[in-house]
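**Student:** Turn this into a model:
(2 chains)
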Protein chains: 2
Amino acid sequence: MPISIEADHRLSKKEFEKRLPELRARLLETQSAFRKADFSVLVIISGVDGAGKGEVVQRLNEWLDPRGVDTQAFWQPSDEERERPPYWRFWRMLPAHGRIAICVGSWYSQPLVDRVYGRTKNSHLDSALNRVANFERMLADDGMVILKFALHLSKKDQRKRLKDLQKNPETHWRVLPSDWQHHQLYDKFTRTAERVIQETNTPKTPWFVVEAADRRYRDFTVANILLKSLRQRLAERIASPSNGPPAKAAVEARRRSGNALARVDLSQALSDKKYRKLLARYQGKLSRLIWAANDLKISTVVVFEGWDAAGKGSAIRRLTDAMDPRLYRIIPIAAPTDEERRHHYLWRFWRHIPRAGLCTIFDRSWYGRVLVERVEGFARPDEWKRAYQEIQHFEEQLAEHRIAVAKFWIHIGKDEQLRRFKKRQDTPYKRYKITDEDWRNRRKWGAYEDAVNEMVARTSTDFAPWTLIAGNDKKFARIQILRTLCRTLEKAL
Amino acid sequence: MPISIEADHRLSKKEFEKRLPELRARLLETQSAFRKADFSVLVIISGVDGAGKGEVVQRLNEWLDPRGVDTQAFWQPSDEERERPPYWRFWRMLPAHGRIAICVGSWYSQPLVDRVYGRTKNSHLDSALNRVANFERMLADDGMVILKFALHLSKKDQRKRLKDLQKNPETHWRVLPSDWQHHQLYDKFTRTAERVIQETNTPKTPWFVVEAADRRYRDFTVANILLKSLRQRLAERIASPSNGPPAKAAVEARRRSGNALARVDLSQALSDKKYRKLLARYQGKLSRLIWAANDLKISTVVVFEGWDAAGKGSAIRRLTDAMDPRLYRIIPIAAPTDEERRHHYLWRFWRHIPRAGLCTIFDRSWYGRVLVERVEGFARPDEWKRAYQEIQHFEEQLAEHRIAVAKFWIHIGKDEQLRRFKKRQDTPYKRYKITDEDWRNRRKWGAYEDAVNEMVARTSTDFAPWTLIAGNDKKFARIQILRTLCRTLEKAL
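**Tutor:** Residues are numbered from 1 along each chain as shown, chains lettered A, B, ... in the order given. Below you'll find the predicted structure:
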């Protein structure tokens, strides 16, 4: 998609005033229709200093209903932000469905400034832009409208604008020392910005370079592009609503993703005596390692997945028994709340990424996307298929931030599951654990097996490997988990 | 209410094993019924070192369905926490309806430890406990079940427990140096804890002192009290559901809360020329003050309330026009989300308290409780009546944290409102702003007048005063707001 370049860069006062009432009426009308939509809008306002980024943001706030707009500015990151992967702060601010986020500053700012000031090389810039592109594509795939504006001023115009602002006692305060500093670097800044724009301009995440010398033209153009894009998306949504009945899970030929589950030796077991000995050993070890990780500010993310009745809960308790309660948090994944439903499916997991030095245990996780959502048809095939990649990018960011990641699939045999279901039904205080859903899931054992095998094949990475746990013997499973987690921590420290 | 003291402090293994299955079954059964309730449970586990606070927490997690339990530990506060009033971190973690929060450490820890180590005097302790009592009463009034456990060990038993733990290589790691340090201070600690318990033990927020020398007795007792309290509350709720039809707003005699609105001189106005001059002056001033506040890490909270069509939105824009977009955030208050609905009504506002040095503008606010919720009967009389006090405590905490607070009620005449409603209906891009609700509200002008007068009388404090703005002339109103906010900031800096 070509970067939009408009021929006429001026708008007379007369023309502006003639066209403005209609623009405003349509903006509000459109925003009103959008409020209940199942997607959100993200607007990035960037560009050279003096081009009036703040003015544009204020204009948009003025012309839109501000109750549906979040203006986002990325100030110095807080320690809670610094203690998580860099994109955590961006996830935090993503707009919910029906809302518009306007960003002054964004994921582009740091890579761009670092490059302009020579703190990084082009190769660093490219890899940062690669991450940006993945991030934006993921959001756009999920339905978000992403509009990126680069306000442009010639070097001459920039100098004039800064001087005018400075001369006027009423606007004098708007000019910061850094604005003049950037002016010196105008050419380098523009060259780098062009590279950034070329690399991250896609049909679904377009850049619009807007000439900013004329304020009326600038504001009108930005608002008009926002209006058109929003109307177009609303029209598309009416034509083919994405939240219609979900596609039935296709019966697909067994993939060449291997059959990792079949290779798990379910006969492995431990004697009581050996179990007790090893339990004490590894719990002591884990306790020390979790404290050491805390000292070094290294966080831990542990993911538990597995068949119903595989023993996730009791395995988790064997970990937490060994951990100071101040150091861990269990996040049980159940149905999303309405705030969560109005975001990308990964948003609710980013929310729970721990601060530095803490451990988060997910009892079920983002892998629901490629397991239950796939098998039950809650996610469309295109959605769960792209999730493998999205999840990899997510976990890669955790790993780059030196977070230790351990993922367990607790495997049991189908017969063993039946035995446990029956036992649960016979034990009063365990009866609540068995629901009709468990029996329904059981009937889809084969489909789940396929999903698990593909998940393991496609998301087991060096930085976040899967460990398949032989779970028929609970004692063996627990020790295997404890031992693996200890090893993961030892490697990370 | 007397602090619960149980006669028999031991539970034999036989007895424990006999009674346990029933306890567990009833706990799970009760928790299952509770999951959809409209209240939450908060359990504080405190007590001397070595009494097994962590063990009790793990037991509760084991006996309950952990998916409905949040274990909360208050680690070092983050800078995001330090940059807000101290209770912000407690608000963050409050359990949603249908969930149980178990706290190791709480709002009691700091006041208690500070006193034991002689860093504070009894008078400081008492004022900290006063805040605690207000906080807990507010939560309990809102329906939260609050159970506070103090695990007790004699000095001799404490020494024995610590030594036993240390001797055993498998539990050696559980004993921290600080545990022995606390042991030295046992008598002082116990004396202070008794004072704390006496001061904060109420029927709705009771303390339970539990003898912890016998682990079985300890765990069984805590779980049993939790079970009984939860069952009792559930039974009460079935008997008199609080979410039945809300009480109709009682027609009450005009209060002696004065008539502040009547004293606003609505004829005040500004000429265009004077307005433009003053606007530039105060916007320049505000811009510098907001930057200065940022430098000094002083936050600002601005509240806008007013009649429909009073001009809140346009007044807010006159503020934000003068502020760097990185420094402010507008929070428009609309219907609460389901996450917000499952908490105390102040929770959603605490969420948005700004980090140090930033400004948050609330377009409508917590005062909805004593305005629309009162007039429309969304809150019961006992709810909105106690809100005056709750709001004062909330704002007091903001002020103590050196947050500058400005609250504006924009007043207009009833005729002026009618004129504006009609004008909005005739202007295409303003039409969306007028809804049937606005016309309905207008018919209740008198009831709202009473509510506003009482609100102003009861919540205008030295630390968070109300300013009533004469709004018939928008220009006059905007300048009055800008000037007042500048003064508030000047005083705060």
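
**Student:** show me where chain A has strands.
**Tutor:** Counting by DSSP state E, the segments of chain A that form strands are A:41-47, A:69-73, A:100-104, A:145-152, A:207-211, A:300-306, A:328-332, A:359-363, A:404-411, A:466-470.

**Student:** Where does pLDDT dip in chain A?
**Tutor:** Scanning chain A for pLDDT under 70 picks out the ranges A:1-8, A:170, A:241-256, A:429.

**Student:** Per the annotation, how does it divide into domains?
**Tutor:** A:13-239, A:260-492 (automatic domain parsing).

**Student:** Now render those as TSV, adding distance to chain B and mean neighbour count.
**Tutor:** No exception for glycine: its C-beta is placed from N, CA and C like everyone else's. Shown next, in TSV, are these (distance: least, CB to the nearest CB, whole Å; neighbours: other CB atoms under 10 Å in any protein chain shown):
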stretch	distance to chain B	mean neighbour count
domain A:13-239	4	18
domain A:260-492	4	18
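
**Student:** So for B:Asp79, which of those sits nearest?
**Tutor:** Checking these against B:Asp79 by CB to CB gives domain A:13-239 as the closest, at 4.4 Å.

**Student:** distance between that closest one and the chain's centre?
**Tutor:** Computed by CA atoms, centre = their mean, to the nearest Å, the chain-centroid distance of domain A:13-239 equals 20 Å.

**Student:** Could you do stretch A:314-321 as well?
**Tutor:** Computed by CA atoms, centre = their mean, the separation of stretch A:314-321 from the middle of its chain amounts to 28 Å.

**Student:** rewinding a little: so for B:Lys274, which of the domains of chain A sits nearest?
**Tutor:** Closest approach to B:Lys274 among the domains of chain A (CB to CB): domain A:13-239, 15.5 Å.

**Student:** and the closest one, how far apart are its ends?
**Tutor:** 38 Å (CA to CA, to the nearest Å).

**Student:** picking that back up, of all the domains of chain A, which lies closest to B:Ile391?
**Tutor:** For the domains of chain A, distance to B:Ile391 was read as CB to CB. The smallest value, 22.5 Å, belongs to domain A:13-239.

**Student:** what about the helices in the stretch 1-150 of chain A?
**Tutor:** With DSSP state H, counting those that start in this stretch as the criterion, the stretch 1-150 of chain A has helices at A:13-34, A:53-63, A:79-82, A:88-93, A:109-116, A:122-141.

**Student:** In CSV: those helices, plus distance to A:Lys414.
**Tutor:** Shown next, in CSV, are the helices of the stretch 1-150 of chain A (distance: least, CB to CB, whole Å):
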stretch, distance to A:Lys414
helix A:13-34, 48
helix A:53-63, 57
helix A:79-82, 45
helix A:88-93, 38
helix A:109-116, 50
helix A:122-141, 35
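
**Student:** circling back: B:Thr221 is nearest to which of the strands of chain A?
**Tutor:** Closest among these, using CB to CB: strand A:328-332, at 24.5 Å.

**Student:** Now for A:Arg195: which residues touch it?
**Tutor:** A:Asn122, A:Leu125 (CB atoms under 8 Å, 6 or more residues apart in numbering or on different chains).

**Student:** Chain neighbours aside, what residue packs nearest to A:Trp75?
**Tutor:** Nearest-residue entry for A:Trp75: B:Arg326, 5.5 Å, with adjacent residues in sequence omitted and distances by CB to CB, 6 or more residues apart in numbering or on different chains.

**Student:** how about the strands of chain A, which one is nearest B:Phe421?
**Tutor:** strand A:69-73 (24.1 Å).

**Student:** Could you check the angle that closest one makes with helix A:13-34?
**Tutor:** Calculated by axes from the mean of the first three to the mean of the last three CA atoms, to 10 degrees, strand A:69-73 forms an angle of 110 degrees with helix A:13-34.

**Student:** list the helices and strands strand A:69-73 packs on?
**Tutor:** Judged by 3 or more CB pairs under 8 Å, 6 or more residues apart in numbering or on different chains; DSSP states H and E, the packing partners of strand A:69-73 are helix A:53-63, strand A:100-104, strand B:328-332.

**Student:** can these go into CSV with extra columns for distance to B:Glu194?
**Tutor:** Shown next, in CSV, are the helices and strands packed on strand A:69-73 (distance: least, CB to CB, whole Å):
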stretch, distance to B:Glu194
helix A:53-63, 56
strand A:100-104, 52
strand B:328-332, 43
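
**Student:** Ok, which of those comes nearest B:Ala309?
**Tutor:** Comparing the helices and strands packed on strand A:69-73 by CB to CB, strand B:328-332 comes nearest, at 15.9 Å.

**Student:** quick one on the thing from earlier: the helices and strands packed on strand A:69-73: which one's closest to A:Gln392?
**Tutor:** Across the helices and strands packed on strand A:69-73, closest to A:Gln392 is strand A:100-104 (CB to CB), at 25.7 Å.

**Student:** Now tell me what touches that closest one from outside.
**Tutor:** Counting by CB under 8 Å, 6+ apart, A:31, A:40-46, A:53-54, A:57, A:60-61, A:64, A:68-74, A:93-95, B:325-326 sit against strand A:100-104.

**Student:** Work out the gap between stretch A:477-493 and the centre of the chain.
**Tutor:** The answer for stretch A:477-493 is 27 Å, by CA atoms, centre = their mean.

**Student:** can you check stretch A:433-446 too?
**Tutor:** 30 Å.

**Student:** same question, stretch A:305-317
**Tutor:** Taking mean C-alpha positions (CA atoms, centre = their mean), stretch A:305-317 and its chain are 26 Å apart.

**Student:** Among the helices of the stretch 1-150 of chain A, which comes closest to B:Trp347?
**Tutor:** Comparing the helices of the stretch 1-150 of chain A under CB to CB, the one sitting nearest is helix A:88-93, at 18.1 Å.

**Student:** what does that closest one rub up against?
**Tutor:** Outside helix A:88-93, the residues within contact range by CB under 8 Å, 6+ apart are A:70, A:72, A:74, A:77, A:81, A:101, A:103, A:106-107, A:135, A:346-347, A:350-351, A:353.

**Student:** if we can go back for a sec, need the domains of chain A in a markdown table (columns: distance to B:Glu400).
**Tutor:** What follows is the domains of chain A, written out as a markdown table (distance: least, CB to CB, whole Å):
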| stretch | distance to B:Glu400 |
| --- | --- |
| domain A:13-239 | 22 |
| domain A:260-492 | 26 |
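
**Student:** Thought A:Ser257 was touching A:Arg458, still the case?
**Tutor:** Yes. Taking contacts as CB atoms under 8 Å, A:Arg458 lies within contact range of A:Ser257: 6.7 Å.

**Student:** among the domains of chain A, which is nearest B:Asp308?
**Tutor:** The nearest among these, by CB to CB, is domain A:13-239 at 13.7 Å.

**Student:** Of all the helices of the stretch 1-150 of chain A, which one is nearest A:Thr200?
**Tutor:** Across these, closest to A:Thr200 is helix A:122-141 (CB to CB), at 5.5 Å.

**Student:** The closest one packs against which elements?
**Tutor:** Against helix A:122-141 (3+ CB pairs under 8 Å, 6+ apart) you get helix A:109-116, strand A:145-152, helix A:186-200, helix A:381-400.
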